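[1] Turn this into a structure:
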Amino acid sequence: MPRLFTAIEVPEDIGLALSGYRGGLSGARWIDVENYHITLRFLGDVDEDVAQEAALLLGKIRRQPFDVAIEGLDAFGGARPRALIAKVAPSPAILELQAEHERLMRRAGLPAESRKFTPHVTLARLRDASPRAVADYLGLRGGPARLSFRAEQFVIYSSRDSVGGGPYVVEAAYPLR
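    Here you go, the predicted model:
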């Protein structure tokens, strides 16, 4: 069974700019730059029939390309930080695209996503990083100057079950038009 998710790819130049924040945080497992993405919908380990139905439904999406803005660094997990992220501005275009993915994946038979969608790029997974160390890291780095790019497509990625994710393989690409 493939482990699948839908996402917007992060262009190479944006990924390189974000990679400058690698290092300086104990307990961080840094994501490889080529695996940076913005997850829209996690499908999980699905059988081939569900994967094919999901791919067919996603092919019916008709949306215009849109701008994606990265607006700073943050962490998920609060008192137990688990990920260092680059925050993505929650524009109407990305929120509507994600909501459509959610509706279509439920139509394909997948359960509803339990977590609220917060657009982001995961830069590192954190293990045993203290909240203080994460706060100090974020305070010193501040985050990138506003970075932006044009989302021209979304993809279905497959991944293998591994610590930290990746490598990810594009199984299908859907142009925004």
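
[2] only C-alpha atoms for contact and neighbour calcs from this point on.
    Noted.

[3] Can you dump the C-alpha atoms of the top strand by length along the chain in CSV for me?
    Longest strand of the chain, by residue count under DSSP state E: strand 66-76. Presented in CSV, the C-alpha positions along strand 66-76 are these (Å, rounded to 0.1, in the frame of the first residue of the first chain):
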residue,chain,number,x,y,z
PHE,A,66,-1.7,31.7,-6.9
ASP,A,67,1.1,33.3,-4.9
VAL,A,68,2.4,31.6,-1.8
ALA,A,69,4.1,33.7,0.8
ILE,A,70,6.4,32.4,3.5
GLU,A,71,6.3,34.8,6.5
GLY,A,72,8.6,33.5,9.2
LEU,A,73,9.8,30.7,11.4
ASP,A,74,7.9,28.9,14.1
ALA,A,75,7.6,25.6,15.9
PHE,A,76,4.7,23.1,16.4
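
[4] Now residue 147, what are its backbone angles?
    Torsion angles at residue 147 (phi, psi; degrees, to the nearest 10) stand at phi -100, psi 150.

[5] Run through the neighbouring helices and strands of the longest helix belonging to the chain.
    Taking DSSP state H as the criterion, the chain has its longest helix at helix 92-107. Under the contact definition 3 or more Cα pairs under 8 Å, 6 or more residues apart in numbering; DSSP states H and E, helix 92-107 sits against strand 37-45, helix 48-58, strand 66-76.

[6] rerun at 6 Å
    Taking 3 or more Cα pairs under 6 Å, 6 or more residues apart in numbering; DSSP states H and E as contact, there are no helices or strands that helix 92-107 lies on.

[7] and the gap between residue 170 and residue 78?
    Relative to residue 78, residue 170 is positioned 32 Å away (Cα to Cα, to the nearest Å).

[8] confidence score at the residue of the chain most remote from its centre?
    Counting by Cα atoms, centre = their mean, the extreme residue of the chain relative to its mean C-alpha position is residue 132, 25.1 Å from that point. Turning to residue 132, the model gives it a pLDDT of 95.

[9] what do you get for residue 24?
    What the model reports as pLDDT for residue 24 is 92.

[10] wait, what's in contact with it?
    Applying Cα atoms under 6 Å, 6 or more residues apart in numbering, we find residue 24 in contact with no residue.

[11] Compute the distance between it and residue 129, please.
    Between residue 24 and residue 129 the distance is 11 Å, computed by Cα to Cα.

[12] And residue 97, by the same measure?
    33 Å.

[13] sec struct for the residue farthest from the centre of the chain, please.
    Here residue 132 is recorded as helix under DSSP: H, G, I helix; E, B strand; the rest coil.
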